[in-house]
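Student: 3D model of this:
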Amino acid sequence: MQRRSFLKQATLGAAAGGAALAAPALAQDSPTIHWRLASSFPRSADAIFTGGENLAKYVNEATDGKFSIRAFPAGEIVPALQVLDAVQNGTIECGHTASYYYFGKDPALCFDGAVPFGLNTRQMNAWMRHGDGLKLTRELFQKYNVVNFPCGYTGTQMGGWFRNEIKSVDDLKGLKFRASAFAGAVLSRLGVVPQQIAGGDIYPALEKGTIDAAEWIGPYDDEKLGFHKVAKNYYFPGWWEGTLQVSLYVNQDVYNQLPKHYQAVLAQAAAAATNDMIAKYDAENPAALRRLVAEGAQLKAFPKSVMEACYTQSQAVYKEFSDKDPMFKRIYESMVAFRDNEIPWFRVAEGSYDGFMATVARGK
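Tutor: You can find the predicted model right below:
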């Protein structure tokens with residue numbers, strides 16, 4: 001008994017001594033680093049903005065504040081749609097943004113965020129982590145001096161708020177629609193007049209009739225902006241965003257200077273922030289949708305003829321971009337092959353289960 005007690009005490013003493021010996025070496029390898037993170041999202045869009053805040057929190061906690069990141073909302077230190085540029089040129093160390101904001105810089109960048117008739121959340125996460133998604137997009141981002149990390153998903157987004165009903169493709173002609181640039185490239189082929197408007201300016205534009213329709217994200221975020229008060233028709237699905245992957249962009253030169261364990265902390269913090277954002281949207285969207293409908297929103301599916309026309313035109317746009325840009329073609333073909341391999345499995349398992357549960361669940 002005494003021997004066991006002695007051995008236990010000796011083991012604890014050795015462990016404590018080892019920690020004391022290791023601490024100075026660890027401290028030498030853990031420099032104090034302060035980064036700024038610029039977000040493309042306002043603080044009011046808490047589900048998506050807190051993806052960047054959570055990343056910063058996790059990094060700070062994992063390193064006892066030795067590696068600290070401070071998150072700033074859109075416009076506070078960098079304009080919302082210039083985050084990638086600011087990271088690229090080293091104005092800031094990192095940013096939390098969506099790649100389709102930079103469609104004009106390079107359409108291929110959108111594969112890191114969302115593309116028409118692309119992947120849903122589960123599929124995108126799988127393609128990034130266990131397919132070629134992250135490898136290919138990182139190759140692409142190298143020419144922008146950026147290292148990209150998936151850092152959040154919104155889930156499938158809604159198709160937006162429309163003043164008037166969309167009953168056929170003809171109803172799209174002349175429609176002034178606030179949409180992402182890639183969606184706009186497809187919709188313009190059907191007569192839509194795409195509008196690029198920042199999130200905070202959408203409501204007044206709808207209210208004044210400057211635009212006829214607008215998409216933002218989904219019920220939880222849309223409710224806060226009050227779109228249902230000025231445009232009652234709430235369409236689904238947002239076929240241009242089967243999900244939106246929000247990403248952390250880090251300046252390559254700054255990233256290379258990080259100790260390896262800080263690089264590992266950054267990657268794990270991004271993964272943890274991703275999981276939290278998925279959970280937040282899945283938890284909040286159902287109740288938000290019910291509230292919107294109770295307050296007068298008219299929930300409607302895009303007609304099949306409209307969906308098919310949009311799909312056809314998206315294929316034409318993909319071909320045009322692929323013919324011009326070999327890198328775009330490589331990423332597109334990888335994504336499509338992965339998507340088409342995934343869909344049968346999702347239909348067999350997830351789709352059949354969800355379909356059955358929809359017939360027996362008590363929720364309305």
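
Student: Contacts for stretch 43-51 next, please.
Tutor: If you take Cβ atoms under 8 Å, 6 or more residues apart in numbering as the criterion, stretch 43-51 is touched by 39, 41-42, 71, 73, 96, 151-152, 154, 199, 217, 220-221, 224, 246, 273-274, 276-277, 280-281, 284. Using the backbone N, CA and C atoms, a C-beta is placed for each residue, glycine as well.

Student: The same query, at a cut-off of 7 Å, please.
Tutor: 39, 41-42, 73, 96, 151-152, 154, 199, 217, 220-221, 224, 246, 273, 277, 280-281, 284 (Cβ atoms under 7 Å, 6 or more residues apart in numbering).

Student: Can you point out the buried residues in the top helix by length along the chain?
Tutor: In the chain, with assignment by DSSP state H, the single longest helix is helix 260-294. For helix 260-294, the buried set under the neighbour-count rule, 16 or more other Cβ atoms under 10 Å, comprises 262, 265-266, 269-274, 276-278, 280-281, 284-285, 288-289, 292.

Student: and what of stretch 82-99?
Tutor: Per 16+ other Cβ under 10 Å, stretch 82-99 contains these buried residues: 82-84, 86-88, 91-99.

Student: Where does pLDDT dip in the stretch 251-364 of the chain?
Tutor: 363-364 (pLDDT under 70).

Student: beta partners of A301?
Tutor: Per DSSP bridges, the residues bridged to A301 are F236.

Student: hang on, the earlier thing: nearest to N341 among the buried residues of stretch 82-99?
Tutor: Using Cβ to Cβ, S99 is the member of these that sits closest to N341, with 23.3 Å.

Student: contacting residues around that closest one?
Tutor: L109, C110, D112, G113, S247.

Student: Which of these ranks first by neighbour count?
Tutor: With neighbours taken as other Cβ atoms under 10 Å, the top of the contacts of S99 is D112, carrying 30 neighbours.

Student: Pretty sure C151 sits against L55.
Tutor: Yes: in this structure, C151 is within contact of L55 by Cβ atoms under 7 Å, at 6.0 Å.

Student: higher neighbour count, those two?
Tutor: L55 (27 against 24).

Student: hang on, the more buried one packs against A270?
Tutor: Yes: using Cβ under 7 Å, L55 is in contact with A270, at 5.8 Å.

Student: which residues do these two both contact?
Tutor: C151, L248.

Student: Mind listing what's buried along stretch 53-62?
Tutor: E53, N54, L55, A56, K57, Y58, V59, N60, A62.

Student: So which of those residues are in helices?
Tutor: Short answer: the buried residues of stretch 53-62 in helices (DSSP H) are E53, N54, L55, A56, K57, Y58, V59, N60, A62.

Student: what's the burial count for K319?
Tutor: Using other Cβ under 10 Å: K319 sits among 12 other residues.

Student: hmm, I was thinking of K173
Tutor: 11.

Student: now the one 3 residues further on
Tutor: The number of residues packed around K176, counting by other Cβ under 10 Å, is 16.

Student: In this structure it contacts V193, no?
Tutor: Yes: here K176 reaches V193: they are 4.9 Å apart, a contact under Cβ under 7 Å.

Student: any idea how far the closest residue in space to V265 that isn't next to it in sequence lies from E223?
Tutor: Once flanking residues are discounted, V265 sits nearest to A62: 4.8 Å by Cβ to Cβ, 6 or more residues apart in numbering. To E223, A62 is 34 Å away according to Cβ to Cβ, to the nearest Å.

Student: Helices along this protein, start to end?
Tutor: 2-28, 46-62, 83-88, 121-130, 133-141, 181-187, 202-208, 219-225, 252-256, 260-294, 304-324, 326-346, 352-360.

Student: looking only at pLDDT, what's the mean for the second one?
Tutor: Spelled out, it's helix 46-62. For helix 46-62, mean pLDDT is 97.

Student: neighbouring contacts of stretch 276-296?
Tutor: Looking at stretch 276-296 with Cβ under 7 Å, 6+ apart, the contacting residues turn out to be 47-48, 51, 54, 121, 152-155, 218-220, 223, 228, 232, 234, 299.

Student: which among these end up buried?
Tutor: Of these, these count as buried by 16+ other Cβ under 10 Å: 47-48, 51, 54, 121, 152-155, 218-220, 223, 228, 232, 234.

Student: Widest-spaced pair of the residues you listed?
Tutor: Largest pairwise distance in these, by Cβ to Cβ, is 34.4 Å, between N54 and K232.

Student: still on that earlier bit, which one of the helices of the chain lies nearest to F103?
Tutor: So among these, helix 181-187 is nearest, using Cβ to Cβ, at 3.7 Å.

Student: re earlier: and which of the ones in helices among the buried residues of stretch 53-62 is nearest S314?
Tutor: Distances from S314 to these, taken by Cβ to Cβ, are shortest for L55, at 31.9 Å.

Student: From one end of stretch 190-208 to the other, what's the distance?
Tutor: Stretch 190-208 has an end-to-end distance of 24 Å (Cα to Cα, to the nearest Å).

Student: Pull out the buried positions in it.
Tutor: Buried, per 16+ other Cβ under 10 Å, within stretch 190-208: L190, V192, P194, Q195, I197, G199, I202, Y203, A205, L206.

Student: Could you work out the most separated pair of these?
Tutor: So, the buried residues of stretch 190-208 by Cβ to Cβ: farthest apart are L190 and Y203, at 25.4 Å.
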